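Participant: any chance you can model this:
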Amino acid sequence: MNERRPYDLICFDVDGTLVRHPSGMVIWEILNLKYGGSNEINRLRYQMYCEGRLSYERWVQLDVQTWIDRGATRDEVVSSIQEFSLFEGARETVHELKNRGYRLGVISGTIDIVLDTLFPDHPFDTVYTNKIFFDEEGKLEAWRATRFDSHGKPVALREIAQKNDIPLSRTAYVGDGENDIPLLGVAGYFVAFRPRSRELAEGADLVIADEDLPKLLEIFE
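Facilitator: Numbering: from 1, shown residues only. Below is the predicted model of the structure:
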């Protein structure tokens, strides 16, 4: 630990925090629409999950199995991901935080191939996301749901902190959505970046309302 600063570990969400789509949708929504789904199906499954009628793993299964059934390929998925982009300054900000000696992590419901495509040179020490797998011909064939859905994000943060021998009080998290709310009061410091949830904005230690992710460099000096 560096006693000269209050935090040693900073973890990030991905969709809406590090990466963005012009429509404001996340990768799950984009791929569901690409492979024959609808916004109504997206909304209904999210509602069922929030109400406890659908487990997170089953939700992932329903989405990804549909893509498999529709013949999804790596090239098609990557093409959809390329509609997204990193927020301006995201790459430079994260690398600078790493240069300053912070341990960095990702705890997100995104898919691993999003970071692999848009941020292959990322400096994160630990990455917890959903994963998808392709066969030798590039066809989507399997998936593995993250163990850390929205309610599991605090568990993930504790696990990363313990692995690095860092107290939770010396951890920070940067996120934007409702699925980040369970981390309020768990992370030592919470930054709500362009928050899409009033509860998240009200509970955060700091709100960055614009797209200026490099402001993190002023916070974590």
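Participant: CA atoms of stretch 131-146 as PDB?
Facilitator: What follows is stretch 131-146 as a C-alpha-only set of coordinates in PDB (Å, rounded to 0.1, in the frame of the first residue of the first chain):
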ATOM      1  CA  LYS A 131     -17.100 -14.800 -21.800                       C
ATOM      2  CA  ILE A 132     -18.000 -16.300 -25.200                       C
ATOM      3  CA  PHE A 133     -16.100 -18.900 -27.200                       C
ATOM      4  CA  PHE A 134     -15.800 -19.600 -30.900                       C
ATOM      5  CA  ASP A 135     -14.800 -22.800 -32.700                       C
ATOM      6  CA  GLU A 136     -12.000 -23.200 -35.200                       C
ATOM      7  CA  GLU A 137     -14.100 -21.900 -38.000                       C
ATOM      8  CA  GLY A 138     -15.000 -18.800 -36.000                       C
ATOM      9  CA  LYS A 139     -18.600 -19.800 -35.200                       C
ATOM     10  CA  LEU A 140     -19.900 -18.900 -31.800                       C
ATOM     11  CA  GLU A 141     -20.300 -22.200 -29.800                       C
ATOM     12  CA  ALA A 142     -20.300 -21.600 -26.000                       C
ATOM     13  CA  TRP A 143     -20.400 -19.000 -23.200                       C
ATOM     14  CA  ARG A 144     -19.600 -18.700 -19.500                       C
ATOM     15  CA  ALA A 145     -21.600 -16.300 -17.400                       C
ATOM     16  CA  THR A 146     -19.700 -14.200 -14.900                       C
END
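Participant: what residues does that stretch touch?
Facilitator: Outside of stretch 131-146, the residues within contact range by Cβ atoms under 8 Å, 6 or more residues apart in numbering are 56-57, 60-61, 64, 67-68, 71-75, 77, 108-109, 111-113, 128-130, 152. For every residue, glycine as well, the C-beta is placed using N, CA and C.
Participant: quick one, domains of the protein?
Facilitator: As assigned by automatic domain parsing, the chain contains the domains 9-22+85-131+145-219, 27-81.
Participant: any idea which of the ones you listed is most buried?
Facilitator: domain 9-22+85-131+145-219 (a mean of 19; mean count of other Cβ atoms under 10 Å).
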